[in-house]
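> take a look and give me a structure for this.
(chains A, B, C, D and E, ligands or ions: 5)
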Amino acid sequence: MFFDVDVEARVGAHDIACRFQAEDGLTVLFGPSGAGKTSTLNMIAGLLKPRRGHIRVGGRVLFDHGEGINLPPEARRVGYVFQEPRLFPHKRVRANLLYGAPDRDADPDPQLMEVLGIGPLLDRWPRTLSGGEARRVAIGRALLSDPAFLLLDEPLSSLDRARREEIMAVIERLRDAIGLPILMVTHDAAEAERLATRTIEV
Amino acid sequence: MFFDVDVEARVGAHDIACRFQAEDGLTVLFGPSGAGKTSTLNMIAGLLKPRRGHIRVGGRVLFDHGEGINLPPEARRVGYVFQEPRLFPHKRVRANLLYGAPDRDADPDPQLMEVLGIGPLLDRWPRTLSGGEARRVAIGRALLSDPAFLLLDEPLSSLDRARREEIMAVIERLRDAIGLPILMVTHDAAEAERLATRTIEV
Amino acid sequence: MLTGAEWGIVALSLRIGGVAVLVMLPIAFALAYLLARGRFPGKILLDGLVHLPLVLPPVVTGWLLLLAFAPTGPLGRIIEALTGGTVLFRWTGAAIAAGVMALPLMVRAMRLSIEAVDRQLESAARTLGAGRWRVFRTVTLPLSVPGVVAGTVLGFARALGEFGATITFVSNVPDQTQTLPLAIYSQLQIPGTDATVFRLAVMSVVIALAALVASEMLARRAGRGQHVL
Amino acid sequence: MLTGAEWGIVALSLRIGGVAVLVMLPIAFALAYLLARGRFPGKILLDGLVHLPLVLPPVVTGWLLLLAFAPTGPLGRIIEALTGGTVLFRWTGAAIAAGVMALPLMVRAMRLSIEAVDRQLESAARTLGAGRWRVFRTVTLPLSVPGVVAGTVLGFARALGEFGATITFVSNVPDQTQTLPLAIYSQLQIPGTDATVFRLAVMSVVIALAALVASEMLARRAGRGQHVL
Amino acid sequence: STRGPLVLAAASLQESMNAAADAWARAGHPRPVISFAGSSALARQIEAGAPADLFVSANERWMDVLQRDGRLMPGTRATFLGNHLVLITPVSSNVRVTLKPGVNLAEIIGNGRLAMANPGVPAGMYGQQALERLGLWASVVPKVVRADNVRSTLALVERGAAPFGIVYATDAKASKTVRVAGIFPDASHKPIRYPVAQLKTSTNPEAAAFRNFLLSPKGKAIFRRYGFMTS
Ligand SMILES: Nc1ncnc2c1ncn2[C@@H]1O[C@H](COP(=O)(O)OP(=O)(O)OP(=O)(O)O)[C@@H](O)[C@H]1O
Ligand SMILES: Nc1ncnc2c1ncn2[C@@H]1O[C@H](COP(=O)(O)OP(=O)(O)OP(=O)(O)O)[C@@H](O)[C@H]1O
Ligand code: MOO
Ligand SMILES: [Mg+2]
Ligand SMILES: [Mg+2]
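Ligands and ions are numbered 1, 2, ... in the order given. Next comes the predicted model:
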């Protein structure tokens, strides 16, 4: 049981409850806009504190209301691609990519740069990137941070088909070769069908 | 000839050139990430000044380098849904929606609110909206501003299938019943196929 | 608590500080906007000029004001022609000194907020049909509220505390230019008046704290949509 | 241009203003951060305390400093015990006065920028494995640079122009506490010294303008990624 | 108008001039409005054209300057008060100094400071003159700290910042926390004299009357109570 999530939170006037268990592989979180998908990912990442319940990932307890456990986000080893890019505006693309990397002086993995098509952008400032370019940098940043699992919030939106294919291939490789468990939000049926080991409705 | 666009611009180190003519109906702008789709829309909206060329929409000259014409954005009667929501953070959803409306005291059209599913959000602040909710408000804001034509930059990304269907139906209605010319960026093949009167590659 | 005369001093200080800041508010915002957004030759010069009252010793500012507003000075003549009076030794003169000294603080804070406004929101407003002026009123200005509030508080506090320029420009005239700082200064020069000094100083603090609390509340209300406070 | 003695005054002013601002910089930022982000009882009180030197008449601030640092005062005793000396009538005392007067301006500007930092960027940094301290150093602090620069300029300008608190606290001692404002004031009291006053005033302006230009360049460089300047 | 005349007065006149104004008000006149500062600062404001009614200086020199520049109403200048110059110290100290040539004032001051008014302020000018004539100036000048008028000087000693200060006898008398440690010989400085004059800019109908009151026996008696000499 890689993911063992059972949480409840209140955002504004909304009560969000989510409960699922999932093995390794890629789990698609699925549900209408406003259902609480992002909120759920935020709870798993440690950015939103649940009112009750527990979150266990890969045997580690990240949160347990009863036992008073609540790991800070930086201790959860999560690779989170947010719904919007959230790049650091004061750092160039290279520094953004390496922000969470174990070795911050090394150059970012050329193969990954190639797949993401961001090699030529390394010296640019985030505000000069196009929508899709920013998103690809955000994906790279999360992947380079040596995560124990991935949270992907619609990572492929605003990417063209060819690029999307290539990045899906990367995700598949992470899922299968490295065995990185992945929790992903998507509205794209084709995407879900191709990647999902299982689908959970929020 | 509704759209008659022939422009060139320089953004950073990139030269972007785009030239097309299109009748009424919906024209899909298509091209890989970073190709210059958003830049082109920005030129048509008056937010980015081309280095040369002209932009004519519905017989009106919006820009003509040779004749020194450059209408300000507010005079172009454009309904622009940006790639990111760009809601006014200091105004509630209702005020955001009505910002460009001819009658700013009237309630926003209930039928449109129904389709967009944002009726219950009218009194919320933008920062409390989910990604898809914010996008829907942005669509509503552009549609309510009584535009002469629409520029849509991936308007349906981050929306679930059901909602996407409904909004596509609205766009079809605008296209056919009202005859509003539309220029739209999308990476979704199904979307493009269903809506596009023609497709232009950037 | 305070004697009648002391209440008079408090009232005078509030009037002078209040008028100074209210009159300076639009001027300061216009300058801040120009400095944040404008591109024109001499911008650095204007920037420097605005900062001048901050960097010049207050007594020099007071002295320059005195030269300008004296009956024979350039501004003094204009005022004489318009109103038949003078601002020297009058509360109006003290308000001028306070306003001039407060100006750079107001401009800096406002400018900081204007520079932080996301210009893409202004673009969005223009595509929605809003002209420059409406965009300014409905987007730029409200999004600069934190800076306007901070600038107003700083300016009001500075105006309340103004001393060097006031005493040099309009002297220390009871009921006209004797604000709290000048009154305290006078008392400090009279042996055995520590109790009065203390009372007046406490009054300064109370007024300033009240202004602060009010401004925090204002900022909180105005910022509701923008920040999580 | 200037006489040797006048150059000495300029050098002294720069030293006092520079030391005051440099020492206050981390203190001001820490206070700004606390006020922008902290939630604790007595926050309004701390806020008020920080603003005190701004709102209190400078002469009162000087007087309070004098009471505290006099040989018999609480802080004076500590300093005597530690260093065997005193800050009264010394340039160190003048720097204390200048620093205290500059503090509220520095804190306000920095706070404004800290409040404008997008906290979602901090969340992003934490998911990337950065602890609170690294997030502070690499995200919050650099994104607050506009406020830090503005605060430093305001503070330095204020320190250079400080008059009332300095003269009350450490008097007007040539080579020790006689900064530009005090030197100008001394000259202003003697009718017929306009030429000297003018030279020194111009020098104040030149220094301040130089600091301003330097800060604009700094802000531009630091803000390259953030604003379109 | 019901406003009293605006009087610019030397800082050393704080209590006495207020007492005179009170007495004048009790006699049924509008109370004069008084602004105190160092005489030189006031002279500068008048030079700039500041419209006041009366000026009382702590020395003749600044009145001379104003007269030369035509700022005084002719025939209204009159000298009416005199004072002494003293060395003060906190009451807690028991130092006594006979101020005469050769006394080692620098050593008596020790590590402390000697507070004086700015050189342009009358009290500062008298003080420097006295120390120079007594041959003490060169040795004490490194210890001198300046204040913007005689009352600020007094405050430095009162607050314990400086162990010694040079002020007028009347200032020492006004304070309970300082005492006189030594008196400067009258011959060591120009005689300390306070002239009054009505200013050219004066428009207040009561100005002349209040000036006359100050010069009257009744007025002078008030100042004598505060330690001034009258002529
Ligand atoms: N501060 C808040 N105040 C009120 N409601 C909020 C607040 N934050 C979030 N919500 C609401 O909580 C619900 C869940 O939000 P969440 O962002 O998790 O949705 P989502 O499933 O990710 O949607 P989308 O697919 O549109 O991104 C939404 O209806 C949203 O409006
Ligand atoms: N200020 C700038 N400096 C340098 N390059 C820039 C700047 N602004 C934009 N560009 C580049 O111009 C190109 C076109 O950008 P644009 O936003 O128009 O692309 P797009 O087709 O909309 O891409 P996407 O589908 O990713 O949104 C991109 O390669 C982008 O990196
Ligand atoms: O003019 Mo004074 O009384 O010497 O300060
Ligand atoms: Mg979401
Ligand atoms: Mg784009």
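> would you map the helices across the chain?
Chain wasn't specified; assuming chain A. Under the criterion DSSP state H, chain A contains helices at A:37-45, A:93-98, A:110-116, A:131-143, A:161-173, A:189-195.
> sorry, I should have been clearer: chain E.
For chain E, applying DSSP H gives helices covering E:14-26, E:39-47, E:60-68, E:105-109, E:122-133, E:137-140, E:150-158, E:169-174, E:207-215, E:217-225.
> list the beta-bridge partners for the most centrally placed residue in chain A.
Closest residue to the average C-alpha location of chain A: residue A:151 at 2.5 Å, with C-alpha atoms, centre = their mean. Each beta-bridge partner of residue A:151 is listed here: residue A:80, residue A:183, as defined by DSSP bridges.
> contact partners for it?
Residue A:151 makes contact with A:41, A:44, A:45, A:78, A:79, A:80, A:81, A:183, A:184 under the criterion C-beta atoms under 8 Å, 6 or more residues apart in numbering or on different chains. All C-beta spots, glycine's among them, are computed from the backbone N, C-alpha and C.
> quick check: residue C:15 vs chain A, distance?
Note on residue C:15: its distance to chain A, by C-beta to the nearest C-beta, to the nearest Å, is 45 Å.
> assumed that residue was part of a strand.
No: Residue C:15 is assigned helix when assessed by DSSP: H, G, I helix; E, B strand; the rest coil, not a strand.
> what's the closest non-adjacent residue to it?
Nearest-residue entry for residue C:15: residue C:91, 6.8 Å, with adjacent residues in sequence omitted and distances by C-beta to C-beta, 6 or more residues apart in numbering or on different chains.
> do the same with residue E:230
Closest residue to residue E:230 apart from its sequence neighbours, by C-beta to C-beta, 6+ apart: residue E:220 at 4.0 Å.
> surely the one you found and residue E:80 touch.
Yes: using C-beta atoms under 8 Å, residue E:220 and residue E:80 qualify as a contacting pair, with a distance of 6.5 Å.
> so, low pLDDT: which residues of chain E?
Using pLDDT under 70 as the threshold, the predicted model of chain E has low-confidence ranges E:1.
> look through it and state the residue closest to ligand 4.
As assessed by C-beta to the ion, ligand 4 sits closest to residue E:159 within chain E, at 65.0 Å.
> before we move on, what about chain A?
residue A:38 (3.1 Å).
> nearest spatial neighbour of residue A:199, skipping sequence neighbours?
Using C-beta to C-beta, 6+ apart and skipping the chain neighbours, the partner closest in space to residue A:199 is residue A:28 (4.6 Å).
> and the residue of chain C closest to ligand 3?
With C-beta to the nearest ligand atom as the measure, the residue in chain C that lies nearest ligand 3 is residue C:189; the distance is 9.1 Å.
> which one is that residue nearest to, not counting chain neighbours?
Take residue C:189 and drop its neighbours on the chain: the residue closest to it by C-beta to C-beta, 6+ apart is residue E:151, 3.5 Å away.
> what of residue C:123?
Spatially, and ignoring its direct neighbours in sequence, residue C:123 is nearest to residue B:47 (5.0 Å; C-beta to C-beta, 6+ apart).
> done for today, thanks.
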